[in-house]
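Colleague: pasting the sequence and the predicted coordinates here, then a few questions.
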Amino acid sequence: MTRHTNRLAQEASPYLLQHAHNPVDWYPWGEEAFEKARRENKPVLVSIGYATCHWCHVMEKESFEDEATAAIMNEQLVCIKVDREERPDVDHVYMDAVIAMTGSGGWPLNVFLTPDKQPFYGGTYFPPRSMYNRPSWQQVVTGVAGMFREKYDEVQRQAGQLTDYLKNASVAGSIGADSEMPDESLLHQMKNSLLKQADTELGGFGGAPKFPQPLALQYLFEYGVTYQDEKALAQVALTLRKMTEGGINDQLRGGYARYSTDNEWLAPHFEKMLYDNALLLHLLAGMYVHTQEAWYATAIEQTIGWLKAEMTNADGLFYAAQDADSEGEEGRYYVWSLAEVQSLLGEDAALFSRKYDITEDGNWEGVNILRVMADDEVLAKEFKLAVAEVRTRLERAAALLLEVRSQRIPPLTDDKILTAWNTLMNTALVYCANALDRPEWLAMAQRNMDALLALMWKEGSLAHSYREGQYQHKVFLDDYAYTIRALHQLAAAGLEQYLPVAGEMIAVVMQQYREADDVLFSYTAINDTEMLVRKVETYDGALPSGNSVMAENLLTAGLFDYNDVWVQQAAHMLQYMAATASRYPLSHGLWGCVLLRHQRGLMMVKTSAAAEAVPALQAAVHPGVEWVLLHKKTDDETHTSPRYEVCAGQVCHPPVNTLQEALLLLRPQAATGGGTY
């Protein structure tokens, strides 16, 4: 069979390179494709996915690698492939369009446009033959092309209406704003709504497929600690426990998969995303600080172990994701048969199998996904062993299976460097370092940030992504927002040298991502005209919205620098979004957290003893109040011993001479600075 090479062979994205040898005449996103469509008067297919997407691989194999299907596509369409991680702006706009047309979205995302980029038809996965109540992909292509030729006026009318809808939906002013900052009743309403949607038996929210929803859980955690609400905290603990013991967590190496296909966290689509693990680490660290339960520390250790072993390059930068598939099969790398386990473990096989649910028939498609089914204390009684002996045998067995697994052909790792995802993980590492008093993790975060700034921060501008010498320079609000947040957290951990860079980036966002009268920030720069609409993203979904993170950043920066302009901008953003967040808390989790912190008041400690004081201070600060610590010597040089100045909002207490006195000022009842904003 002839091996084709198309234009994608010149790209850096692993996802685009996966399609570089398709017989489809793919173009990357760009003006060349749209010019061809205008010249030949053809509809444009924009097909969007990512390198570790299981169903993207399925559709490629079934349709895009098929010569007959490709011939139809090449004749009838101009075809564009997009990596949604490299161009999230394209993905956001056309995902909104497909959801508006069909009521749902996902990847692969396949949307048909007029040559002027207006969408008029779309969907997600289409099979090679008509099934699942879906037409075949060939039927879709020929039907769309025929409609474009024969009913062009109708296509234009539909595209125009949909474009108008997208433009109106992207106007943040439609959210509305109350005249005053909402009171605590809104925070209680958000908590109650989340608990009504919670699965109180198996954890999480709703049914299958079940996503971790760490930002909604983060809100329940911070609310639960602030108001001593045991139900809220219990739901967080239940969810984290069920996930960590489930198949969604890699029991041998660590790392959480994107979501579970079932209700009980057993069978994921096995891809692991950097951002999911960052947000879950952040939450695990908070729960460990609050409870001091050892299993949270174990989960953190294991997940960071995976990050170091499989997701970090030689410069300390973090890769984007790992695939679900290997050797053409989903999950093949991760699953086991009982016979394999018995041959490898011998007399320990029964103990290991009981622990991790390994059976003859298998717990998933005839094979076994490892998940925890019994506590070590229970196993000790069943197998008449000491608990310490059970743990020794299980650790030895797991190490052996991990070694054997490492000889298998591994899933693809998407090794591109994404600024936003790196800094999200950077923030999580700082939280974990503080929570567990692990300075090596703080050093890991510092090394990552230094490498990232050297690579991505050039002449006052960030880049979005990098791989093998190629940059994607178009930068989005999330890149700046997440990086500023990470810089603030490094400064809060005593590395105050990062504060000036954070300030420079805030100035860029204020100047380039909002018009003078805008309350919220645009996802793309205000001078960007490439996309059909300029979106304002406010949803905290799988990732926190750049706007909610910027609201947090401006409050934090205002505390560091006493900048009233930034503090007032954050307050306006919170006021603007409060009503929407209270109505839809599952998709506004971080907004809820920032509202809660604003209500309670951010706190800061200024001291020359930051390095020594961080663990005790961070453990003592009320987890419902964002940890803020600035390494700064007091002005009074007559004191040879460290002094501590505690600030809430823009009000600072007189300096105190001991750490114990500072801790007293950080008690929950001291955190009432919300009114100072």
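Modeller: Done, it's in.

Colleague: so L252 makes contact with L401?
Modeller: Yes. Using CB atoms under 8 Å, L252 is in contact with L401, at 5.9 Å. For the C-beta atoms, the positions are set from N, CA and C on the backbone; glycine is no exception.

Colleague: residues in contact with the nearest residue to L477 once chain neighbours are set aside?
Modeller: Closest residue to L477 apart from its sequence neighbours, by CB to CB, 6 or more residues apart in numbering: G546 at 3.4 Å. Shown in contact with G546 (CB atoms under 8 Å, 6 or more residues apart in numbering): F476, L477, D478, Y480, A481, Y482, F521, Y523, E537.

Colleague: please redo it, this time with the cut-off set to 7 Å
Modeller: If you count contacts by CB atoms under 7 Å, 6 or more residues apart in numbering, G546 has them with L477, D478, A481, F521, Y523, E537.

Colleague: and the strand or helix carrying V341, how far out from the chain middle?
Modeller: Per DSSP states H and E, V341 falls inside helix 338-345. Between the centre of helix 338-345 and the centre of its chain there are 36 Å (CA atoms, centre = their mean, to the nearest Å).

Colleague: send the alpha carbons of it over as PDB?
Modeller: Extracted in PDB, the C-alpha atoms of helix 338-345 (Å, rounded to 0.1, in the frame of the first residue of the first chain):
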ATOM      1  CA  LEU A 338      -4.700 -14.000  36.700                       C
ATOM      2  CA  ALA A 339      -2.300 -16.500  35.000                       C
ATOM      3  CA  GLU A 340       0.300 -13.700  34.500                       C
ATOM      4  CA  VAL A 341       0.100 -12.700  38.200                       C
ATOM      5  CA  GLN A 342       0.300 -16.300  39.400                       C
ATOM      6  CA  SER A 343       3.400 -17.100  37.300                       C
ATOM      7  CA  LEU A 344       5.200 -13.900  38.400                       C
ATOM      8  CA  LEU A 345       4.300 -13.800  42.100                       C
END
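
Colleague: show me where the stretch 1-150 of the chain dips below the pLDDT cut-off.
Modeller: Within the stretch 1-150 of the chain, the ranges that satisfy pLDDT under 70 run 1-3.

Colleague: just the strands in it please.
Modeller: 26-28, 44-49, 78-83, 109-113, 119-123 (DSSP state E, counting those that start in this stretch).

Colleague: and if you look at the stretch 551-677 of the chain?
Modeller: Per DSSP E, counting those that start in this stretch, the stretch 551-677 of the chain carries strands over the ranges 603-607, 629-631, 644-648, 651-652.

Colleague: can you give me the end-to-end span of stretch 516-527?
Modeller: 13 Å (CA to CA, to the nearest Å).

Colleague: just the buried residues of that stretch, please?
Modeller: Using 16 or more other CB atoms under 10 Å as the test for burial, stretch 516-527 gives V519, L520, F521, S522, Y523, T524, A525.

Colleague: the domain parsing of this protein - what is it?
Modeller: 7-169, 184-326+414-600, 334-407, 603-676 (automatic domain parsing).

Colleague: give me whichever of these is most buried.
Modeller: domain 184-326+414-600 (a mean of 21; mean count of other CB atoms under 10 Å).

Colleague: what's in contact with stretch 259-272?
Modeller: By CB under 7 Å, 6+ apart, stretch 259-272 touches 52, 54, 202, 207-211, 242-243, 246-248, 255-258, 321-324, 330-331, 334, 363-364, 369, 371.

Colleague: in strands only, show me the residues you listed.
Modeller: The members of the contacts of stretch 259-272 that map onto strands under DSSP state E are A257, R258, A321, Q322, E330.

Colleague: nearest to E60, of those?
Modeller: E60 lies nearest to E330 out of those, by CB to CB, at 13.9 Å.

Colleague: how many neighbours does that closest one have?
Modeller: A total of 22 residues lie near E330 under the criterion other CB atoms under 10 Å.

Colleague: show me the contacts of stretch 259-272 that map onto helices.
Modeller: Under the assignment DSSP state H, the contacts of stretch 259-272 contribute H54, K242, M243 to helices.

Colleague: and the closest residue to the first one other than its chain neighbours, what does it touch?
Modeller: In space, H54 comes closest to A324 once its chain neighbours are excluded; the distance is 4.4 Å by CB to CB, 6+ apart. With contact taken as CB under 7 Å, 6+ apart, A324 is in contact with T52, H54, H269, F270, E271, E330, G331, P411.

Colleague: change it to 8 Å
Modeller: T52, C53, H54, A257, P268, H269, F270, E271, E330, G331, P411.

Colleague: adding distance to D564 as columns, could you present the residues you listed in a markdown table?
Modeller: Shown next, in a markdown table, are the contacts of A324 (distance: CB to CB, whole Å):
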| residue | distance to D564 |
| --- | --- |
| T52 | 44 |
| C53 | 45 |
| H54 | 49 |
| A257 | 44 |
| P268 | 47 |
| H269 | 47 |
| F270 | 49 |
| E271 | 45 |
| E330 | 53 |
| G331 | 54 |
| P411 | 50 |
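
Colleague: which of these lies closest to A294?
Modeller: Among the contacts of A324, and counting by CB to CB, the member closest to A294 is A257, at 23.9 Å.

Colleague: for the closest one, list each beta-bridge partner.
Modeller: K272 (DSSP bridges).

Colleague: give me the nearest residue to F120, chain neighbours excluded.
Modeller: F120 sits nearest to A159 (CB to CB, 6+ apart), 4.1 Å away.

Colleague: show the pLDDT at that neighbour.
Modeller: Looking at A159, its pLDDT reads 94.

Colleague: pretty sure it sits against Q118.
Modeller: Yes. The pair A159 and Q118 passes the contact test of CB under 8 Å, sitting 3.8 Å apart.
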